[in-house]
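Chemist: quick one, fold the following:
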Amino acid sequence: MGILEKYVLVKWGKWFGLSSFFLLTILLLQLVSESSEQLFSGDLSSIFSWISLRCLAFIPWILPIACFSATLLTLSFLMIKGEMTGILSCSFSVIYCFRSIFISGFLISIVAWLSMIYYHDLKQRLEFESDELSKESHFQMKIDTMRLWYFSRFEMERKKGKNVHLYAYDSHGNDSYRVRAKKAYWDTQNHWIFEDGYFMGFASIEGVPMINSKSQQIVWDTDSKRSSADSGKISPSFYKKFDSLVFFPGMDNPEVHMLLSKRAQKLSFFELNKVIDTYPDRDSAHIFPYRYRMYQLIWNSLGCLLSIFCGLFLVISNKNQKLGQIIGMSVIGVLLFYAFRTVFDSLGENGILPASFCAGFPYFGIVLVSIFYYYFSDFKDSIWSGGKA
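Modeler: Predicted coordinates:
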């Protein structure tokens, strides 16, 4: 690395550090003012965990803004002091002068990417908000059109619920069987185990479901099938109280449905990937927000590099303008980016357009606007110079 590159990198690093510190301080002060009771009510370790997690959550979008502002300020002050003119007059290319900044932006993008995909794991290691995992709440699972589960109280961490109701249907939508139990849990062998409940089996086109007294599992009496022409409600053909009922291994795995009970923004990258890969219906509207969020995290990781690129184009395009005009154009660019983001968030989360396209368009859109503005400025300057001549 040459002396010129080191000089530019040191200048850029100084502004990047100051910008990051300023943004992080402002956000933390706002959080402290909004959550002062929660912050100062715990011990020192919980306060540290609270602050650490909030900082980790801010990193993915603080870093691109800091990269953008550092690029603007570095190049602007180089132009104001006349140093940029001296650098270019020595036949140094713009790429050579600022390649160290692009390399730094690439490395910072990797840091932002790692902070996003490992945020959930770091949160668990810090053991903050662990009480939220043990809280009980109602829980529901819908397995295609075949089964519907409902728990009045469910512990996400232990995969254990109370007052469970299970409704099963045949391929024609008729009742197949129902289960009501006081408790049900997902064991280490990937079984659902019901305790202390009632089982009702209805005659369906597959037969009559009943409980095998030896295995405590559901078996089918295929000799008592219901005709597909039969209609209307029927009474259960099999009714039994049980102490324990065991489902087949892997049947109705609750993990994906537990993830779907949370908002897409609260899931880690690996959890989002798991939802998309294991959900039975890949075209279901239920996973549109989760697929879009995964692509959004992928594109967010490039935010630092693209922000440096846009900042460089913006300053070079305004070499004859004042710092205030550059800041004004920067604000317009940020507003334009968030306008793109707002529109394409709605399109991507609702599956109107492909998630990969909607997640990437705000970034490519703002890059294309920057390139257009650069060439438009050169064209305007050439016309202005011709008119003056």
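Chemist: just the pLDDT for residue 163.
Modeler: Listed pLDDT for residue 163 reads 93.
Chemist: now find how far off-centre the helix or strand hosting it is within its chain.
Modeler: Assigned by DSSP states H and E, residue 163 falls within strand 160-169. Distance of strand 160-169 from its chain centroid, counting by C-alpha atoms, centre = their mean, to the nearest Å, is 30 Å.
Chemist: again with stretch 140-153
Modeler: For stretch 140-153, the distance to the chain centre is 25 Å (C-alpha atoms, centre = their mean).
Chemist: same check, this time on stretch 252-259
Modeler: Its chain's C-alpha centre and that of stretch 252-259 lie 18 Å apart, by C-alpha atoms, centre = their mean.
Chemist: kindly report the same for stretch 186-195.
Modeler: 30 Å.
Chemist: repeat that for stretch 285-301.
Modeler: Centroid separation for stretch 285-301 versus its chain: 6 Å, with C-alpha atoms, centre = their mean.
Chemist: ok, and what's touching it?
Modeler: 60-61, 64, 109-110, 112-113, 116-117, 260, 263-265, 267, 269, 272-273, 275-276, 279, 345, 348-351, 355-356, 358-360, 363 (C-beta atoms under 8 Å, 6 or more residues apart in numbering). For the C-beta atoms, the positions are set from N, CA and C on the backbone; glycine is no exception.
Chemist: repeat that with 7 Å
Modeler: Stretch 285-301 has contacts (C-beta atoms under 7 Å, 6 or more residues apart in numbering) with 60, 109, 112-113, 116, 260, 264-265, 269, 272-273, 275-276, 279, 348-351, 355-356, 358-360, 363.
Chemist: likewise for stretch 251-258?
Modeler: The set of residues external to stretch 251-258 that reach it, using C-beta under 7 Å, 6+ apart, is 141, 143, 147, 149, 156, 159, 186, 190, 192, 274-275, 278-279.
Chemist: on that earlier part again, buried members of the contacts of stretch 285-301 into PyMOL, please.
Modeler: Applying 16 or more other C-beta atoms under 10 Å to these, the buried members can be selected in PyMOL as follows:
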select buried, resi 60+109+112+113+116+260+264+269+272+273+275+276+279+348+349+351+355+356+358+359+360+363
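Chemist: so of the contacts of stretch 285-301, which ones are in helices?
Modeler: 60, 109, 112-113, 116, 260, 269, 272-273, 275-276, 348-349, 355-356, 358-360, 363 (DSSP state H).
Chemist: from the middle of its chain, how far away would stretch 272-290 be?
Modeler: For stretch 272-290, the distance to the chain centre is 13 Å (C-alpha atoms, centre = their mean).
Chemist: hmm, back to that, of the contacts of stretch 251-258, buried ones?
Modeler: 141, 147, 149, 156, 159, 186, 192, 274-275, 279.
Chemist: could you dump the residues you listed to JSON lines with distance to residue 215 and pLDDT?
Modeler: Formatted as JSON lines, the buried ones among the contacts of stretch 251-258 follow (distance: C-beta to C-beta, whole Å; pLDDT from 0 to 100):
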{"residue": "141", "distance to residue 215": "24", "pLDDT": "88"}
{"residue": "147", "distance to residue 215": "20", "pLDDT": "90"}
{"residue": "149", "distance to residue 215": "22", "pLDDT": "93"}
{"residue": "156", "distance to residue 215": "29", "pLDDT": "80"}
{"residue": "159", "distance to residue 215": "22", "pLDDT": "88"}
{"residue": "186", "distance to residue 215": "19", "pLDDT": "93"}
{"residue": "192", "distance to residue 215": "14", "pLDDT": "93"}
{"residue": "274", "distance to residue 215": "31", "pLDDT": "85"}
{"residue": "275", "distance to residue 215": "33", "pLDDT": "86"}
{"residue": "279", "distance to residue 215": "30", "pLDDT": "79"}
